[in-house]
Structure formats: structure tokens, C-alpha cells
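Visitor: Structural data only, the sequence is not supplied:
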């Protein structure tokens, strides 16, 4: 299981309606863990479960910053942050981990929807530091609900803000026009926005240039079952059989394996596990095509063996 380290809440700030930023410092005064734009951490909330939040501060800062949207229909983690967390409180963090890193490119188009601005904020600074051309389109229900507009203001015309009333489709026509060959699009936001952007990229023959981070597993993502398979835990010497109707994560946890997990949908990356041998049927929404092709890790909450057997580093 990945290590969870103690942190202290240094500051909280209301960044927009229902959006709270939280600054966290290591409890013992040590340096913050190194991270790169696109990374997230696992915050242990009040009931002992974890939630994933993108890091949205400066990688060179002495604190980590996250931003939390109050989810009225959520599982309680965001309400706990807003209602219970206060400066001086101690929390535990896992990570950072990054499956949404900024790849080298001659130009970037960034597209954010609501709280999806958080992983993109440090990317903008990194692109500027690299001297690479970029632009950002930021969609939200209303300006008062769109966090960090003040931090974006100094970028001037590179940033376009699009308040879009709830229920209206984001205006994506022509958004990818002018992106040069080799340019990349980084997007994070609600599924409706990502689906529309993917359709626009596909229509332009540029879908391979899109990089996304999801809030939830895309609708219709179930790829069907491929039967039972055997998993060997190399370090413990245990072998288990994963039936067709169950996830590898559930079976391995019952067998005593310690695997950090949260979403059970293949979107958070918490349960990433090293694969020592065997082919993987990847069903997550985290790994890049290159990482899938390497075949040296998997998300056992959704992914399975492509054959009859896997050997994992557990």
C-alpha cells in the first residue's frame, strides 16, 4: 500500500461559490514531495476513506494546494472539507501521482470545465516557462462559480472564459482550429464537455492529440467480461482465481493484499499495481496508450488479464 504521510492544514480560502482551496504543509517540517503539473494526491477524509484532488499550486512551493468543489450529491468527502476542516488540523495524504503529465508539444490548447481548471493551472505556468504557445478555454455555469479567475487574469487574451448556464451545451465549434501538427489538447471537466471535445477532435482527424482527465467513468465504458483468470502475488506467494463476475481488486483484497483504492471505476489511479508478467486487458481511464503498451502496471479495480494468468508485485 502506498505510504500516507501526515500534513497540517495551513490555510483555507473560498475561491468561488462552493469551491474551497486548501494549503497543506508536511507536519514534521520536511520538504513537500516532488510533483509535476497534472499530479494529484489522495486525501484521507473524515470517515477514513480517500478522495483524489489535483494539485493546483506551484511545484516549487513549500506547501501543496488543492481545491475542493462541494458536491451536493457526493459521498460526503467534499462536505467534510468545507464544513469540518480548519487551519491547524492534521490530515494524511498519499501520493503525489501523475497520469496526466504535460507532454512536450509545439503548442497547447487547454480546455477546462468547472473544477476541471485545477490540474490545468500549473500546466499553464509550465507551458509559459517552456516558452511554448498556448491558449485556455474555461467553461462554467457562471463566473461566480468559476475558481481562480483572478489568477488567470494576468494571462490576458490567452484565456477565454465562457460562462454557460446549466443545461446549455458548451460552444466547442472551431475550438481546435489552428492547432498545429504535433499540438496537444489537455482537457478536464464534466463528461459532457469531454465527449463534445472528443467528437470535435475526431471530426478534425485529431483525436490522438487529446489528453483528458475524468471526474467519472464515461457512460457505456463497460467492455464486457472475458472470463476467469489466475493471479499470483509474487511477494506473498499467494495464488487466487478471479471469477468472471468479480473485480481483481475485490478478490485480491479478500486474499489479504493491501491495495489503496477509492473510485472502483478506473479513473483515480489509486489502485495502480505493478505487473511482473502476463498480458493485461486494460479497462481504466488513467493510463496513456504508451503506458498500456508497456504492460508493466494495471488498475485491478476494472482491468483484467488478457490471458489466463497475471503475476503482480504484491
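Guide: Nice, I can see it. On a predicted model such as this, the values are computed, not experimentally measured, just so you know. Numbers count the residues shown, from 1 in each chain.
Visitor: how far out from the middle of the chain is the one helix or strand in the chain whose mean pLDDT sits lowest?
Guide: When the helices and strands of the chain are scored by mean pLDDT, DSSP states H and E, helix 289-294 comes last with a mean of 85. Put simply, helix 289-294 sits 17 Å off its chain's centre (Cα atoms, centre = their mean, to the nearest Å).
Visitor: Let me see the residues that make contact with that helix.
Guide: If you take Cβ atoms under 8 Å, 6 or more residues apart in numbering as the criterion, helix 289-294 is touched by 99, 280, 282, 297. In short, each C-beta sits where N, CA and C put it, glycine included.
Visitor: Got the domain ranges for this protein?
Guide: For the chain, automatic domain parsing gives the domain ranges 4-96, 107-214, 229-312.
Visitor: okay if I get those domains as JSON lines plus mean neighbour count?
Guide: Shown next, in JSON lines, are the domains of the chain (neighbours: other Cβ atoms under 10 Å):
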{"stretch": "domain 4-96", "mean neighbour count": "17"}
{"stretch": "domain 107-214", "mean neighbour count": "17"}
{"stretch": "domain 229-312", "mean neighbour count": "18"}
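Visitor: This protein: helices as residue ranges?
Guide: Using DSSP state H, the helices found in the chain span residues 77-83, 120-130, 149-152, 191-203, 248-254, 289-294.
Visitor: wait, which of the ones you listed is closest to residue 69?
Guide: Of all the helices of the chain, it is helix 77-83 that lies closest to residue 69, at 6.2 Å by Cβ to Cβ.
Visitor: For stretch 205-218, the averaged confidence score.
Guide: Average pLDDT, stretch 205-218: 83.
Visitor: Give me the contact list for that stretch.
Guide: Contact with stretch 205-218 is made by 38, 54, 99-100, 103, 116, 119, 176, 179, 183-191, 194-195, 197-198, 201, 263, 265-267, 285, 288, as judged by Cβ under 8 Å, 6+ apart.
Visitor: Restricted to strands, list the residues you listed.
Guide: Those of these mapping onto strands are 54, 184-189, per DSSP state E.
Visitor: Let's have those residues in JSON lines, adding pLDDT.
Guide: Conversion of the ones in strands among the contacts of stretch 205-218 to JSON lines gives the following (pLDDT from 0 to 100):
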{"residue": "54", "pLDDT": "96"}
{"residue": "184", "pLDDT": "96"}
{"residue": "185", "pLDDT": "97"}
{"residue": "186", "pLDDT": "97"}
{"residue": "187", "pLDDT": "97"}
{"residue": "188", "pLDDT": "96"}
{"residue": "189", "pLDDT": "94"}
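Visitor: on that earlier part again, got the helices of the chain as a markdown table, with distance to residue 276 columns?
Guide: Formatted as a markdown table, those follow (distance: least, Cβ to Cβ, whole Å):
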| stretch | distance to residue 276 |
| --- | --- |
| helix 77-83 | 33 |
| helix 120-130 | 33 |
| helix 149-152 | 44 |
| helix 191-203 | 33 |
| helix 248-254 | 14 |
| helix 289-294 | 13 |
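Visitor: Just the pLDDT for residue 19.
Guide: 98.
Visitor: mind listing what the nearest residue to it once chain neighbours are set aside touches?
Guide: Excluding the flanking residues, the one nearest residue 19 by Cβ to Cβ, 6 or more residues apart in numbering is residue 147, at 4.2 Å. Applying Cβ under 8 Å, 6+ apart to residue 147 gives the contacts 15-16, 19, 21, 67, 115, 117-118.
Visitor: hmm, 6 Å instead?
Guide: For residue 147, the contacting residues are 15-16, 19, 67, by Cβ atoms under 6 Å, 6 or more residues apart in numbering.
Visitor: and the residues you listed, which two are the farthest apart?
Guide: For the contacts of residue 147, the farthest-apart pair by Cβ to Cβ is 16 and 67; their separation is 8.9 Å.
Visitor: And the longest strand along the chain, what does it pack against?
Guide: Using DSSP E to define each element, the chain has its longest strand at strand 4-16. Other helices and strands packing on strand 4-16, by 3 or more Cβ pairs under 6 Å, 6 or more residues apart in numbering; DSSP states H and E, are strand 19-26, strand 90-97.
Visitor: Distance of the closest residue to residue 46 other than its chain neighbours relative to residue 111?
Guide: The shortest distance from residue 46 to any non-neighbouring residue, by Cβ to Cβ, 6+ apart, is to residue 80 (4.3 Å). Going from residue 80 to residue 111 by Cβ to Cβ, to the nearest Å gives 30 Å.
Visitor: Please apply the same query to residue 183.
Guide: 13 Å.
Visitor: next one: residue 38
Guide: 14 Å.
Visitor: For stretch 255-272, measure first residue to last.
Guide: 17 Å (Cα to Cα, to the nearest Å).
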